[in-house]
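> Below are the sequence and a predicted model for it; my questions follow.
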Amino acid sequence: MASLMRGFAGFDSAAAWAASGRAPVASVAHAGSGPNAARQERPHPHCVLASPDNRFVVVADLGLDALIAYPFGPDGSLDAANPMRSALPPGCGPRHFAFRPDGRFAVAICELNSSSA
């Protein structure tokens, strides 16, 4: 089992930590920016959750206007070479998200335009 967090190594990445470890098992740095120069000058990962089936780590990145899903290994590894990206409306700034009870969809709360996606 791994713990998940955001903001490791410069606040532009997400990391998976082994339950008993002091260093991350894996981390993924994001790159890019969004259209709101004042708030999206760089990546801002906020919410990091495992998918309900525990196959993916999903990151809401306020700076990139995206939910990014990384395949999640049983050892806590993140497959940074094969992410799936769900682009959200430009400038929305997703901060948090939750999976629906059926686990098939997620809903994001967007900070910059006070919307949901």
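All right, it came through fine.
> Every contact and neighbour count from this point should use C-alpha atoms.
Will do.
> State the helix or strand in which the residue most central in space within the chain lies.
With distances taken as Cα atoms, centre = their mean, V59 lies nearest the centre of the chain, 0.9 Å away. V59 belongs to strand 56-61 when assigned by DSSP states H and E.
> Please compute how far that strand lies from its chain's middle.
3 Å (Cα atoms, centre = their mean, to the nearest Å).
> any idea which helix or strand comes after that strand?
strand 66-71.
> buried sites along that next one?
66-71 (16 or more other Cα atoms under 10 Å).
> Which residues are in contact with M84?
Applying Cα atoms under 8 Å, 6 or more residues apart in numbering to M84 gives the contacts 68-70.
> one step back: just the angle between the strand holding V59 and strand 66-71, please?
160 degrees (axes from the mean of the first three to the mean of the last three Cα atoms, to 10 degrees).
> which of the buried residues of strand 66-71 lies closest to H30?
Using Cα to Cα, I68 is the member of those that lies nearest H30, at 9.6 Å.
> Tell me the confidence at that closest one?
Residue-level confidence at I68 comes out at 94, pLDDT.
> Surely it and L62 touch.
No. Counting by Cα atoms under 8 Å, I68 does not reach L62; the two are 11.0 Å apart.
> Now for the residue nearest to the centre of the chain: which residues touch it?
V59 neighbours (Cα under 8 Å, 6+ apart): 14, 45-49, 67-69.
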